[in-house]
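Visitor: Please find the sequence and the predicted model below.
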Amino acid sequence: MILIMQVTFYLVFGIMWHFHLCFSAVFYVERMRQHCWRCSNVTFHCSEHSMCLLWVQTIREQLALLTNRPKNLLVYINPYGGKQRGKQIYDHKVAPIFSRASVSTDVIVTERANHARDHLKTEADLKKYDGVVCVGGDGMFSEMMHGLVSRTQREAGVDENSMEETLMPCGLRIGIIPAGSTDCICYATVGSNDPVTSALHIVVGDSQPMDVCSVHNEDSFLRYSVSLLGYGFYGDVLTDSERKRWMGPARYDISGVKTFLSHRYYEGTVSFLPAEGDSGTPRDKMQCRSGCSICLQTSSDQLVSKNEDSCGDTWTVIRGKFLAINAASMSCACPRSPKGLSPSAHLADGTTDLILVRKCSRLNFLCHLLRHTNKEDQFDHSFVEVYRVKQFRFTPRYQECDSEVDLRESGATGKRFLSQICREHRACGCMPSQSNWNCDGEILPHTAIQVLVHSQLIKLFARGIEEQPVFEDPYAQCAI
Ligand SMILES: CCCCCCCCCCCCC/C=C/[C@@H](O)[C@H](COP(=O)(O)O)NC(=O)CCCCC
Ligand SMILES: Nc1ncnc2c1ncn2[C@@H]1O[C@H](COP(=O)(O)OP(=O)(O)O)[C@@H](O)[C@H]1O
Ligand SMILES: [Ca+2]
């Protein structure tokens, strides 16, 4: 027992003792199947009160030495996300774990969209807390992350509108209790969408750095993204699904099929700065796992050279007709696609995987989509290209008409002439169609965007997906 206690002590999170009956129960985390964690306990009986008291004191002292564990948390619950069970999930599955681990909480149930973002950005007294927790889906996480990142920049005097400025990393960690529709940020950082597992990762004080993309249009900042920035297919699915929110998570399946059948393609230009160094490639099968060496290397590189000047780098420019343009800053694994949009993308390597799906037949596109749900390689198609990048831009074709860059050679007369053609085409309705960007589940108001990856800007209460232990109990189940 002593040996077991030593091995798993860092997973002990609570102790309860009974003075008269002379026993103490030690609560610890047990690993189950599919990356799920559960609470377990061992009860120690003792004939002497004094000995029992000594055990309890010693364990409490040891727990107090674990300084990375949160003591005070600010929790935001979205009561309308997913199947609208956020409040119930928190009260029944999460609050008891926080209380067992002596974590005190202030809980806010949101009353409107952007309530959590605005509260975090301006009002919340963040000095009181060791972390913030969101109960909801990717949209709710995104809201909170915006509040926290913007607040951090304001307090540091950093202008979010400027792509030249280095953003200040956030001090507080964010915990995610999955209660949304896709919950890909939770799934891709923990390995499951299970509220109990996420609560346990929070109380043991896990820490996982994560890249954040800033999305700009000209000189103005639009949004941040940590998972998927998708134009074309995923933008259209999201736009259509917003009108079906009443259906809950099933809206994505209906909109997915509808969007697939419409088979729209979009024309434009994608330019990007490829990632350099040891960042690997999207097709190298080096999946990001707990303690990932590529992400660790990025942390140490950052200590050496803070924000290298990328003036000398060469941009790659690709023009074409695309069914989808996706930037995955992490794998984007979720129950619909257990390996994700880019299975080898890293959580904290300072890059995003840019996936270009060119116009192809419906059958080929279906084959590509279905490969997200099985073990086959979704990049192994002639119409799919994937690049690991640190910065990219997209200009839709209809805006290229107005673009100074393309018309510089034509001079003033040529420019006037081309603008006239564009105006006429818009009027006759044969202008190329445009999609929306899906930015972590939110629709962006602009189509022409510039994107920059900020390496390890935020930290989650997570540890990345753990390799499956060999000694795993094959009968242990995730659900309780
Ligand atoms: C016709 C067959 C389609 C099979 C497609 C399978 C591919 C699924 C890949 C899913 C990647 C999801 C990336 C995550 C996106 C979320 O941020 C976003 C918002 O989530 P939430 O706030 O929790 O609702 N979800 C989506 O955009 C849904 C995409 C669904 C695509 C079918
Ligand atoms: N109280 C609320 N009422 C309405 N919308 C809200 C509320 N709180 C948060 N939201 C918004 O709900 C949207 C979806 O939330 P999310 O938790 O991601 O659920 P889902 O995964 O089902 O999309 C987010 O854009 C968030 O800003
Ligand atoms: Ca990344």
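Guide: Structure received. Ligands and ions are numbered 1, 2, ... in the order given.
Visitor: Pull up the residues of the stretch 101-250 of the chain that are close to ligand 2.
Guide: For the stretch 101-250 of the chain, the residues in contact with ligand 2 (C-beta under 6 Å from any ligand atom) are 110-115, 136-140, 143, 180-182. No exception for glycine: its C-beta is placed from N, CA and C like everyone else's.
Visitor: let's go with 5 Å and repeat that
Guide: When proximity is defined as C-beta under 5 Å from any ligand atom, the stretch 101-250 of the chain approaches ligand 2 at 110, 113, 136, 137, 139, 140, 143, 180, 181.
Visitor: How many residues are close by the third one?
Guide: By the criterion of other C-beta atoms under 10 Å, residue 136 has 28 neighbours.
Visitor: Can you name the residues that contact the closest residue to it other than its chain neighbours?
Guide: The shortest distance from residue 136 to any non-neighbouring residue, by C-beta to C-beta, 6 or more residues apart in numbering, is to residue 78 (3.4 Å). Neighbour list for residue 78: 86, 110, 116, 134, 135, 136, 137, 139, 140, 179, 180 [criterion: C-beta atoms under 8 Å, 6 or more residues apart in numbering].
Visitor: now, which of these lie within helices?
Guide: Within these, residues falling in helices by DSSP state H are 86, 116, 139, 140.
Visitor: and those as a markdown table, adding distance to ligand 3 and neighbour count?
Guide: Shown next, in a markdown table, are the ones in helices among the contacts of residue 78 (distance: C-beta to the ion, whole Å; neighbours: other C-beta atoms under 10 Å):
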| residue | distance to ligand 3 | neighbour count |
| --- | --- | --- |
| 86 | 28 | 27 |
| 116 | 25 | 28 |
| 139 | 20 | 18 |
| 140 | 21 | 30 |
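Visitor: residue ranges of the strands in the stretch 101-250 of the chain, please?
Guide: Taking DSSP state E, counting those that start in this stretch as the criterion, the stretch 101-250 of the chain carries its strands at 104-109, 131-136, 173-178, 208-217, 220-225, 228-232.
Visitor: and the longest one, which strands flank it?
Guide: In other words, strand 208-217. Neighbouring strands of strand 208-217 in its sheet, by DSSP bridges, are strand 220-225 (antiparallel), strand 449-460 (antiparallel).
Visitor: Please see if the longest one touches ligand 3.
Guide: No: no part of strand 449-460 sits close enough to ligand 3 to count as contact by C-beta under 5 Å from the ion; the gap is at least 6.7 Å.
Visitor: what about that strand, average pLDDT?
Guide: Across strand 449-460, pLDDT averages out at 97.
Visitor: count of neighbours near the closest residue to residue 358 other than its chain neighbours?
Guide: Among residues not flanking residue 358 along the chain, residue 383 sits closest, at 4.4 Å (C-beta to C-beta, 6+ apart). Residues lying near residue 383 (other C-beta under 10 Å) number 16.
Visitor: contacting residues for residue 383?
Guide: With contact set as C-beta under 8 Å, 6+ apart, residue 383 has these partners: 357, 358, 359, 360, 364, 368.
Visitor: Distance check, residue 351 against residue 59.
Guide: Distance of residue 351 to residue 59, computed by C-beta to C-beta, to the nearest Å: 43 Å.
Visitor: Looking only at neighbour counts, state which of the two leads.
Guide: Higher neighbour count among residue 351 and residue 59: residue 351, with 29 against 19, using other C-beta under 10 Å.
Visitor: Pull up the per-residue confidence for the spatially closest residue to the more buried one that is not a sequence neighbour.
Guide: Leaving aside its chain neighbours, residue 351 sits nearest to residue 275 (4.2 Å; criterion: C-beta to C-beta, 6+ apart). What the model reports as pLDDT for residue 275 is 93.
Visitor: repeat for residue 290
Guide: 95.
Visitor: Assign it to helix, strand or coil.
Guide: When classified by DSSP: H, G, I helix; E, B strand; the rest coil, residue 290 comes out as coil.
Visitor: Mind picking out the helix or strand in this protein with the poorest mean pLDDT?
Guide: Lowest by mean pLDDT, DSSP states H and E among the helices and strands of the chain is helix 404-407, with a mean of 43.
Visitor: OK, contacts around residue 144?
Guide: Counting by C-beta under 8 Å, 6+ apart, residue 144 touches 76, 116, 117, 120, 132, 134, 174.
Visitor: ok, which pair from those is furthest apart?
Guide: Spatial extent of the contacts of residue 144 (C-beta to C-beta) is set by the pair 117 and 174 at 12.6 Å.
Visitor: could you list every residue that touches the closest residue to ligand 3 within the stretch 151-300 of the chain?
Guide: Relative to ligand 3, the nearest point of the stretch 151-300 of the chain is residue 211 (4.1 Å; C-beta to the ion). Residue 211 makes contacts with 226, 329-330, 346-352, 453-457, as judged by C-beta under 8 Å, 6+ apart.
Visitor: quick one: contacts for the residue in the stretch 1-150 of the chain positioned nearest to ligand 1?
Guide: Residue of the stretch 1-150 of the chain nearest ligand 1, by C-beta to the nearest ligand atom: residue 137 (2.9 Å). Each residue near residue 137 by C-beta under 8 Å, 6+ apart is listed here: 78, 81, 82, 178, 179, 180, 181, 182, 183, 441.
Visitor: switch the cut-off to 7 Å
Guide: Neighbouring residues of residue 137 by C-beta atoms under 7 Å, 6 or more residues apart in numbering: 81, 82, 179, 180, 181, 182, 183, 441.
Visitor: my guess is the last one contacts residue 140, does it?
Guide: Read that as residue 441. No: the criterion here is C-beta atoms under 7 Å, and residue 441 misses it with residue 140 at 9.2 Å.
Visitor: List phi and psi for the residue in the chain that ligand 1 sits nearest to.
Guide: Relative to ligand 1, the nearest point of the chain is residue 441 (2.5 Å; C-beta to the nearest ligand atom). For residue 441, the backbone dihedrals (degrees, to the nearest 10) come out as phi 90, psi 0.
Visitor: show me what contacts it?
Guide: Counting by C-beta under 7 Å, 6+ apart, residue 441 touches 137, 138, 139, 142, 182, 238.
Visitor: Least confident of these?
Guide: Lowest pLDDT among these: residue 182, with 87.
Visitor: Which pLDDT value does the model give the closest residue in space to that residue that isn't next to it in sequence?
Guide: Once flanking residues are discounted, residue 182 sits nearest to residue 334: 5.2 Å by C-beta to C-beta, 6+ apart. For residue 334, the pLDDT comes out at 94.
Visitor: Residue 334 bridge partners, please.
Guide: residue 337.
Visitor: That one and residue 178, how far apart?
Guide: 10 Å.
Visitor: and those two? which has more neighbours close in?
Guide: Using other C-beta under 10 Å as the criterion, residue 334 and residue 178 rank with residue 178 on top: 30 against 24.
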